[in-house]
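Q: I would like the atomic coordinates for the input below:
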Amino acid sequence: MARIGLLLLLSLCGIAPVSAHEIHSGGFMSGFNHPVLGFDHLLAMLSVGMLSTQLGGRAIWTVPLAFVVFMLFGGILGLYAVAVPFVEIGIALSVLLLGLAIAFDRQIPLLFAMTFVGVFAIFHGHAHGAEIPELASPVLYALGFLFGTAVIHLGGVMIGLGMQKITGQRNLMRVTGAAIAAMGGYLLAGL
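A: Residues are numbered from 1 along each chain as shown. I've put the predicted structure just below:
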């Protein structure tokens with residue numbers, strides 16, 4: 001399983017950044033695919049899962065859960081056209097800063113970690129919530145997006161746990177975090 005996770009992560013390095021913010025129709029599967037096909041979202045959500053494994057204990061489930069809850073809140077804000085400034089910058093910053101958090105590998109308080117990912121989740125949710133009114137099945141799309149996000153978080157947890165088993169230490173995870181941060185910097189520079 002650790003090898004599969006490592007292969008998945010390495011394959012991400014070859015994916016060209018794409019915009020996940022141009023979907024105009026869909027239901028459950030469209031919502032599910034949205035975070036997977038959006039390079040920025042995929043990296044951020046994998047990072048949340050990986051960060052939670054670094055923190056360990058209850059963080060493995062509470063940090064990703066906080067992301068999902070705050071993303072839903074952001075989605076509701078977007079659905080009702082409540083303005084959130086700098087959404088795309090917030091999304092790119094989430095990739096950069098989550099990658100740095102993994103790279104620096106510091107134990108941070110659980111509540112801080114949940115708040116940290118929650119702030120970024122609002123930007124991710126808002127971007128998608130603003131699109132829901134244009135979709136054919138907004139409820140199914142939202143359910144698909146939430147489920148897709150949870151699956152990606154689970155993938156990040158599995159990658160994180162697998163990396164810790166491969167090395168017996170945290171160096172591989174830290175290097176991966178640095179690579180994710182570099183990709184976040186690239187995304188930010190492209191805005």
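Q: just after the worst-scoring helix or strand of the chain on mean pLDDT, pick out the following helix or strand.
A: For the chain, the helix or strand with the lowest mean confidence is helix 2-12, at a mean of 43 (criterion: mean pLDDT, DSSP states H and E). Proceeding C-terminally, helix 2-12 gives way to helix 28-37 as the next helix or strand, assigned by DSSP states H and E.
Q: for the record, mean pLDDT for the helix or strand following that following helix?
A: For helix 28-37, the succeeding helix or strand toward the C-terminus, using DSSP H and E, is helix 39-55. Here helix 39-55 scores 95 as its mean pLDDT.
Q: what angle sits between helix 39-55 and helix 28-37?
A: Regarding helix 39-55 and helix 28-37, their directions subtend 70 degrees when assessed with axes from the mean of the first three to the mean of the last three CA atoms, to 10 degrees.
Q: alpha carbons only: can I get the following helix or strand past helix 39-55 in PDB?
A: Stepping forward along the backbone from helix 39-55, the first helix or strand reached (DSSP H and E) is helix 59-79. What follows is the C-alpha trace of helix 59-79 in PDB, where atoms were taken according to Å, rounded to 0.1, in the frame of the first residue of the first chain:
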ATOM      1  CA  ALA A  59      -5.700  14.600  14.200                       C
ATOM      2  CA  ILE A  60      -5.900  11.800  11.700                       C
ATOM      3  CA  TRP A  61      -9.600  12.200  11.500                       C
ATOM      4  CA  THR A  62     -10.400  15.600  13.100                       C
ATOM      5  CA  VAL A  63      -8.200  17.700  10.800                       C
ATOM      6  CA  PRO A  64      -9.700  16.300   7.600                       C
ATOM      7  CA  LEU A  65     -13.200  16.500   9.100                       C
ATOM      8  CA  ALA A  66     -12.600  20.200   9.900                       C
ATOM      9  CA  PHE A  67     -11.600  20.800   6.300                       C
ATOM     10  CA  VAL A  68     -14.800  19.200   5.100                       C
ATOM     11  CA  VAL A  69     -17.000  21.100   7.500                       C
ATOM     12  CA  PHE A  70     -15.400  24.500   6.700                       C
ATOM     13  CA  MET A  71     -15.500  23.700   3.000                       C
ATOM     14  CA  LEU A  72     -19.200  23.100   3.300                       C
ATOM     15  CA  PHE A  73     -19.500  26.500   5.000                       C
ATOM     16  CA  GLY A  74     -17.500  28.100   2.200                       C
ATOM     17  CA  GLY A  75     -19.700  26.400  -0.300                       C
ATOM     18  CA  ILE A  76     -22.800  27.800   1.200                       C
ATOM     19  CA  LEU A  77     -21.300  31.300   1.100                       C
ATOM     20  CA  GLY A  78     -20.500  30.800  -2.600                       C
ATOM     21  CA  LEU A  79     -24.000  29.400  -3.300                       C
END
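Q: for helix 59-79, buried residues please.
A: Under the neighbour-count criterion of 16 or more other CB atoms under 10 Å, helix 59-79 has 59-60, 62-68, 70-75, 77-79 buried. Where you see a C-beta, it was placed from the backbone N, CA and C, and this is true even at glycine.
Q: perfect, I'm done here.
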